[in-house]
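Novice: next input, structure requested:
(3 chains)
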Amino acid sequence: MFSFLREAIWFGTVYLYGSTGEIITEKSGHLNLGIPGIMCMGAVGGCVADIWYMNSFADPSKMPAGAVIIIGILGAMLVAGLMGLLYSFFTVSLRCNQNVTGLAITTFGIGVMNYWSERMGAKGISIYWVRQCFAQTFPCAGTIGDFGKLFFSYGTLTYLALAIALIASFVLRRTRIGLNLRAIGENPAAADATGINITAYKYVATVLGAAIAGIGGLFCMVEVTTSFQYSVDAAGWLAVAIVIFSVWRPSLAVLGSMAFAILYYIPSRVQVDFGEKELIKMIPYVVTIIVLIIISILNKKETQPPQSLGVNYFREER
Amino acid sequence: MTKHETHKKEPLMHISKRMDMKKWQAWLIRLGAFAIALIVCGIVSSILKPGSFGKFYAYLFKGVFGTPRRIWLLLQNIAMLLCVALAVTPAFKMKFWNIGAEGQVLMGALMCALCMFYMGGKAANGVIVLVCFIASMAMGAIWAVIPALFKAQWNTNETLFTLMMNYVAMNLVRFCVNKWSTNGSGVLGILHYGWMPSIGKYTYLLNIIIVAVLTVLLWVYLRFSKHGYELTVVGESTNTARYIGINIKKVIIRTMILSGVICGIAGFLLVSGTSHTVNANLADGRGFTAILVSWLAHFNPAAMALTSSLVVFLDQGSTFAGDSFRLGGSFSDIITGIFFFFIIASEFFINYKVKFRAISKKKEKALAEAVAVATVEVTEEEVR
Amino acid sequence: MDKKVAVELKNISKFFGDVVANNKINLEIYKGEILSVLGENGCGKTTLMNMIAGIYFPDEGKVYVDGEEVVIRSPKDAFSYHIGMVHQHFKLVDIFSAVDNIILGEKMPEYSIKEEAKKILDGDTDKDFKVRAKKYLKVAGLPFVKVWKWMKFNYLSKARIKKIQSIADRYGFDIDLNKKIYEMSVSEKQTVEIIKVLYRNADILILDEPTAVLTPQEIDKLFAVLRKMREDGKSIVIITHKLNEVMAISDRVAVLRKGEHIATVETSETNEKQLTEMMVGKKIDLNIDRAEPKNSEDRLVVAHLTMSNHDGIKVLDDVSFTARSGEILGIAGIAGSGQKELLESIAGLNKLSEGEIFYYNPYKNNEEVDLRSKTPIQIRDLGVKLSFVPEDRLGMGLVGNMDIVSNMMLRSYQKGKTMFLNRKDPKSLADTIVEELQVSTPGTSTPVRNLSGGNVQKVLVGREIAAAPTVLMAAYPVRGLDINSSYTIYNLLNAQKEKGVAVIFVGEDLDVLMELCDRIMVVCAGKVTGIVDGRTAKKEEIGLLMTKTDFGADKEEEKENNDD
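Specialist: Below you'll find the model as predicted:
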């Protein structure tokens, strides 16, 4: 049971990065369907940065773990952030259709990721030592039994994800920055009238959201998969689902991510044949749909998607 | 209203909606964007594979027109993409953001395979094909109408709803394939019954003809039928729709059924007419690409034939180039992505006008006067 | 008592294209007074105030605040001069509480490290090393202080409510600041907007028709608050057209008419009659033809129509009238008095809570048809030839992105049994309308959005008339139109009247109403305050009816008018 929970928390990290990033973006009124592609780009960016760093060592096993982690995260954030910048340039400045732009970014990102992983596979490059660095955890984890395992046995990225989600939750609910951002997503005209710089907020929210999602891609690469084959984009779409599931709250996204991770793991734990497992994998999406329906029927203002989600703001248009 | 007067510092540029763009001008801009995209793609290619700039274009064409088989493949792929694009178009024209075509196609395909699987050998081939055809359409329609019902009744966000439906469909397909595959491999082999007949020795010809007919039919539907007119009005202004007494809910549901039916046909063509089997990746992202194709063509079926051709041309050509350069199959996704970026960006220059600060005040005033009547109307309304 | 001038406007003009919204207006706003800006719709009172609030920028003239010339280009600028405006359409975020809406967008107070450092080091002649070291240490800590202050400012503590509560208490606002906007009534929302302006330290408050959405009790409360603000030395400007309120609350009244400043008078030295005269002006002869109605018979009878809007406010209250064939029935009233809802209800777009609508079909021997709770299509299927020119031309009557031919089809596309559209008839109809009404357009395949306002209206009216109506309703059909286009519309309406159509004309210009219409029904706040004869009525009489808010005593008068 403990190990089950532990795996849920651990694997939920992927979703948590994606959904936290997407929530921040959606709060500014932009539905970024490019998240799967952006996570892919983050994965590529982080790995490229770390491989570059690894190559400067004759003996990769002697790499300082801290540096590897920081360089990886920065690489992921930079590349993913650039994709976010592209998205916001298209949707905020050029006012292009958000769905279309997002899908194009997803196409591109998945393409880059697959291209890159094929190259890496062909060249026979391994990131084994990089993975070792990311796997480092509290030294006490093994010594204090199940309890310790549950709380102290994760890599840095898991703790970082939790921290980011909780900080995001705090900022969105308890600070003026969050207040202004939420106002933009709800009613940009009202926010505009109070003198908030809408464009700046939208850019920052989108780029930051993308950068955070990018770390999620990196997590897939360095913790989840042993080859370069894990489909990061699938995690990206699930992250979009978790945003709905957690009714646009990062704090709930923590629980949502864990729940989805559990659903991901159930098939491998229960004794059913291969076919039924697929049905279990379907549950997260069905649950998301049900949540979506319920919130629309209840029509409670607090649980609705941001009012202007998907609509670009153009001041001169009424 | 003209708010540019209210800025304290006049911004570097001023963006306003453009009304006066001629059709040929718009197409010229798109053509220019396409040309630039091609050049950039060439540059990207030469970065990934130094010295391949010229070769890239050569391979692009060779990969598409090199052999008759490739040309057939091109036409087949165009037909499939176009078919899905046709499916999403009526909904999009109604401003119903159906991004669930992927799932709708898959469900159509699944239904088709289901009929082939269980009816195989028990009925005449013609009967099976007919049943497959009808079942596919019905299933596509069901999958599409579910989000529409909720949208009509409770205004449930259709973008997210249809997106989730895609993954439900994919898992359903995987489930069924696993159930059916007897050897436990999780892959369903070729089904031997219920194949669509081929005309002469051209396997894909019937597919292509069906899609061509469908394109014309949809064009006629959108342009000349009362239904098409109604959904356009609903998409443009729900208030006007109310004013002339259109039942908006009914139109939403009806249009999504149509969307689903065409998706079902696409699924049918993919299974019965092309691959004769089904798997979760059968739609191959066409449901998403189709959105871009439809949107870029401004929901005009005739123009969609052109845009889908361009996309497939680039995809297939760059796949060949990627293979030739030993860059792998994903090279084409990168190229297609870049192409999309440029074409999407070009829409901005078609829809909006950018004025730079340097523009003379006189011109600005003349412009302001041109929109004066409308402005007064608007401000008067604002007054209330 | 000599009062200080807070804001002074000198020769302010504003043009929208050829239309003069404000013409060389001079106005002074004193400190500690309540000034009413009075005028009919479209007289330019809101435009004028928008220029002080930074929404518009004046084309000519100067603005002085506290005697100094200022340039106000945005609401932000206006706030920096302590000017705040409460608009008619509230700009609030629905899911936020009142508090959050009030503090939304607030900027952190300036905190310059450089200046703080200067303050600490100022006059630093101290030779004592310890003291100096301490001072430098303090300076070194300033960036941290700034970050701390920034964080503290950013944190939404519970204490944020205190300052706002103190403002509310000071002026006697009765409001729960933690309530969400979507749970609030209109008057509460208005309170939030007012507090928002006060919170930003406004000394000059401009309220745009603040009483339009309030009940009499709420109005009393608001006035009490406004008086308190006046005692506090604030200047308050109320844009209004309700005379009794002007008399009740204001110290002075500035009257505007058709973009001109007529006069500013002390409230104590004037009366309602004089103000009405100033507001509506002398009657102007427009030379619109008006024939005597012939063979007039009842065509449309509306009885006791009552309807509430989303907020539960009665927008139509027991409205009864009869529209007769061969005459034009004008509807006069301040905008938003229920005209729109009335027409939409007749056209079958609204659900009614009470009332009857009967139509008498001239083609079937005046057979009675019940129109209540019918959809537009049902009404048409009943053989009722009802045409409606809505107020919102491109948002309701037409589809802007469609060409003229397609817009012609809006009314007729369902004709015929096939599932295909008949494009031929609409095409020839479009050609006819373009030719006969002289619509200036490159062709009938031009999207109507690209046409000018007058031409858009010709297309719309042309289409509605082409349906050969027996009842024609037109809401503000000449709004925003130039003189020539306006006369085209008047002639079209008159031609319909002569054909025996029952025309209902909602207008805002009293001169036009009085020359065009046979009878004029005056509405105010959803109620009918009177029906007068278009030929004999006095302008002042209509003006008074339009602004009449006390009901009851005038039932007899209404009866009299109904009798003729």
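Novice: quick check: C:Glu245 vs chain B, distance?
Specialist: 18 Å (Cβ to the nearest Cβ, to the nearest Å). Backbone N, C-alpha and C define where each C-beta goes, glycine included.
Novice: leaving out the residues flanking it, which one is nearest to that residue?
Specialist: Spatially, and ignoring its direct neighbours in sequence, C:Glu245 is nearest to C:Thr211 (5.8 Å; Cβ to Cβ, 6 or more residues apart in numbering or on different chains).
Novice: check what pLDDT that neighbour gets.
Specialist: pLDDT recorded at C:Thr211 is 80.
Novice: what about A:Ala58, how many residues nearby?
Specialist: Look at A:Ala58: counted by other Cβ atoms under 10 Å in any protein chain shown, it has 6 neighbours.
Novice: hang on, it in a strand?
Specialist: No. Applying DSSP: H, G, I helix; E, B strand; the rest coil, one finds A:Ala58 to be coil, outside a strand.
Novice: how many residues are close by the residue nearest to C:Glu245?
Specialist: By the criterion of other Cβ under 10 Å, C:Thr211 has 21 neighbours.
Novice: which residues touch it?
Specialist: C:219, C:222, C:240, C:242, C:245 (Cβ atoms under 8 Å, 6 or more residues apart in numbering or on different chains).
Novice: least confident of the residues you listed?
Specialist: C:Lys242 (76).
Novice: pretty sure it is touching C:Leu544, no?
Specialist: No. Applying Cβ atoms under 8 Å as the test, C:Lys242 and C:Leu544 come out as separate, 11.3 Å apart.
Novice: in which helix or strand would I find the residue nearest to C:Glu245?
Specialist: For C:Thr211, there is no host helix or strand (DSSP states H and E).
Novice: from C:Asp251, how far out is it?
Specialist: Separation of C:Thr211 from C:Asp251 (Cβ to Cβ, to the nearest Å) stands at 17 Å.
Novice: and A:Asn97, by the same measure?
Specialist: 54 Å.
Novice: these two - which one has more neighbours?
Specialist: Per other Cβ under 10 Å, whichever of A:Asn97 and C:Asp251 has more neighbours is A:Asn97, with 20 against 16.
Novice: so in the chain, where's the weakest helix or strand by average pLDDT?
Specialist: No chain was given, so I picked chain A. Within chain A, no helix or strand scores below helix A:145-152, which has a mean of 71 by mean pLDDT, DSSP states H and E.
Novice: let me rephrase: I mean chain B.
Specialist: Result, chain B / mean pLDDT, DSSP H and E: helix B:372-383, a mean of 41.
Novice: low-scoring pLDDT stretches of the chain, where are they?
Specialist: Using chain A. For chain A, applying pLDDT under 70 flags the ranges A:1, A:140-145, A:147-148, A:225-230, A:274, A:315-318.
Novice: the intended chain is chain C.
Specialist: Residues of chain C meeting the criterion pLDDT under 70: C:1-2, C:17-18, C:41-42, C:123-126, C:283-285, C:311, C:549-564.
Novice: how about the stretch 1-150 of chain B?
Specialist: In the stretch 1-150 of chain B (pLDDT under 70), the answer is B:1-14, B:19-20.
Novice: kindly recompute the last result at 50.
Specialist: Judged by pLDDT under 50, the stretch 1-150 of chain B has its weakly predicted residues at B:1-10.
Novice: now the longest helix along chain C: buried residues?
Specialist: In chain C, assigned by DSSP state H, the helix with the most residues is helix C:129-154. For helix C:129-154, the neighbour count (16 or more other Cβ atoms under 10 Å in any protein chain shown) marks C:135, C:139, C:142, C:154 as buried.
Novice: backbone dihedrals for C:Leu300, both of them.
Specialist: With angles defined as degrees, to the nearest 10, C:Leu300 sits at phi -140, psi 120.
Novice: hmm, it is touching C:Pro362, no?
Specialist: No. The pair C:Leu300 / C:Pro362 is not scored as a contact, 11.3 Å apart, by Cβ under 8 Å.
Novice: what about these two, which has more around it?
Specialist: The neighbour count for C:Leu300 versus C:Pro362, taken as other Cβ under 10 Å, is higher for C:Leu300 (24 against 16).
Novice: who are the contact partners of the more buried one?
Specialist: Taking Cβ under 8 Å, 6+ apart, one finds C:322-323, C:346, C:357-360, C:471, C:502, C:504 in contact with C:Leu300.
Novice: which among the buried residues of helix C:129-154 gets closest to chain A?
Specialist: C:Asn154 (4.5 Å; Cβ to the nearest Cβ).
Novice: what is the burial count for the nearest residue to A:Cys96 once chain neighbours are set aside?
Specialist: Of all residues not flanking A:Cys96 in the chain, A:Phe90 sits nearest, at 4.5 Å (Cβ to Cβ, 6+ apart). Residues within reach of A:Phe90, counting by other Cβ under 10 Å, total 25.
Novice: swap in the one 4 residues further on?
Specialist: The criterion is other Cβ under 10 Å. On that basis, A:Leu94 has 19 neighbouring residues.
Novice: I'd say it and B:Ser346 touch.
Specialist: No. A:Leu94 is beyond contact range of B:Ser346, at 9.7 Å (criterion: Cβ under 8 Å).
Novice: how close does C:Ile167 sit to C:Ala159?
Specialist: C:Ile167 sits 14 Å away from C:Ala159, going by Cβ to Cβ.
Novice: SS state for C:Gly400?
Specialist: Quick answer, by three-state DSSP: C:Gly400 is coil.
Novice: so which bits of the stretch 51-200 of chain C are right by chain B?
Specialist: By Cβ under 8 Å from any Cβ of the partner chain, the part of the stretch 51-200 of chain C that sits against chain B consists of C:54-57, C:73-77, C:88-89.
Novice: who's more crowded, C:Ile167 and C:Ala159?
Specialist: Using other Cβ under 10 Å as the criterion, C:Ile167 and C:Ala159 rank with C:Ile167 on top: 17 against 8.
Novice: contacting residues around C:Ile334?
Specialist: Counting by Cβ under 8 Å, 6+ apart, C:Ile334 has contacts C:40-41, C:241, C:524, C:546-547.
Novice: hmm, try it at 10 Å
Specialist: For C:Ile334, the residues meeting the contact criterion (Cβ atoms under 10 Å, 6 or more residues apart in numbering or on different chains) are B:384, C:40-41, C:209, C:212, C:240-242, C:508, C:522-525, C:546-547.
Novice: from these, which would you call buried?
Specialist: Here, 16+ other Cβ under 10 Å leaves B:384, C:40-41, C:209, C:212, C:240-242, C:508, C:522-525, C:546-547 buried among these.
Novice: which single one of those residues is nearest to A:Ile125?
Specialist: The closest of the buried ones among the contacts of C:Ile334 to A:Ile125 turns out to be B:Arg384 (Cβ to Cβ; 67.6 Å).
Novice: model confidence for that closest one, exactly?
Specialist: Looking at B:Arg384, the pLDDT reads 36.
Novice: just B:Leu282 next, same as before
Specialist: Reported pLDDT for B:Leu282: 83.
Novice: where does it land in three-state SS?
Specialist: At B:Leu282 the chain is in coil, as set by three-state DSSP.
Novice: does the top helix by length along chain B come close to chain C?
Specialist: Taking DSSP H as the criterion, chain B has its longest helix at helix B:125-154. No. Helix B:125-154 does not reach chain C (Cβ under 10 Å from any Cβ of the partner chain); its nearest approach is 16.5 Å.
Novice: how distant is the longest helix of chain C from the center of its chain?
Specialist: Relative to the centre of its chain, helix C:129-154 is centred 52 Å away, using Cα atoms, centre = their mean, to the nearest Å.
Novice: can you give me the helices for the stretch 51-200 of chain B?
Specialist: B:53-65, B:68-93, B:101-119, B:125-154, B:158-180 (DSSP state H, counting those that start in this stretch).
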